[in-house]
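J.: Build me a structure from this.
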Amino acid sequence: MKRIYRERFDKKLGGVCGGLAQYFQIDSSIVRMLFITLTFLSGGILLLVYFACNFLIPLGPKAYVVANYKRLYRSRRDRRVSGILGGLGKYFKIDSNILRLIFVVLCFFTSGLLIVLYITGIYVIPEEPA
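T.: This is a model prediction of the structure:
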């Protein structure tokens, strides 16, 4: 039976997003960006849920568990600003120019929320290894 744990090694604060990513076998950067987006949309209520999960979900095993799923990185080669959209294009196998066009259009409809999320993504999503 699969159990959910807080991640010991892939964590930024308490390891909750890293643990959810390990449980669902997706990249932790995606879980973190989704969490940040939903926190903005919920008016901060999800932040309280995060801290509750931090106390309720136990820590994972002390042995390092190798991630056997595809990782999301900021692109080093396909970048205009920081490589986030180039990395998303590579991860989802979509042309990054299409993602850039969608991003610019959606920036007008979200009143700048996507720009805040993009800047947050610079700190959350790691750069691809050399």
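
J.: Would you confirm that Arg80 contacts Phe103?
T.: No. Arg80 is beyond contact range of Phe103, at 10.2 Å (criterion: Cβ atoms under 8 Å). C-beta: built from backbone N, CA, C; applies to glycine.

J.: Look up which helix or strand the residue sitting nearest the centre point of the chain falls in, please.
T.: Central residue check for the chain by Cα atoms, centre = their mean: the C-alpha nearest the mean position is that of Ser29, 2.4 Å away. Under the criterion DSSP states H and E, the helix or strand holding Ser29 is helix 28-41.

J.: I'd like to know how many residues surround Asn13.
T.: No Asn there; residue 13 is Leu. A count of nearby residues for Leu13, using other Cβ atoms under 10 Å, gives 12.

J.: Please name the residues that touch it.
T.: 50, 54 (Cβ atoms under 8 Å, 6 or more residues apart in numbering).

J.: Check for me that it belongs to a helix.
T.: No. Under the criterion used here (DSSP: H, G, I helix; E, B strand; the rest coil), Leu13 is coil, not part of a helix.

J.: Helices along the protein, start to end?
T.: Per DSSP state H, the chain has helices spanning 16-24, 28-41, 45-56, 84-92, 96-109, 113-124. These are given in chain order.

J.: Does anything pack onto the third one? Which helices or strands?
T.: The contact analysis (3 or more Cβ pairs under 8 Å, 6 or more residues apart in numbering; DSSP states H and E) places helix 45-56 against helix 16-24, helix 28-41.

J.: Taking helix 45-56 as reference, get the angle to the last one.
T.: In other words, helix 28-41. With axes from the mean of the first three to the mean of the last three Cα atoms, to 10 degrees as the criterion, the two stretches helix 28-41 and helix 45-56 enclose an angle of 130 degrees.

J.: pLDDT at the residue lying closest to Ile98 once chain neighbours are set aside, what is it?
T.: The shortest distance from Ile98 to any residue that is not its chain neighbour, by Cβ to Cβ, 6 or more residues apart in numbering, is 7.8 Å, and that residue is Gly89. Note on Gly89: pLDDT of 93.
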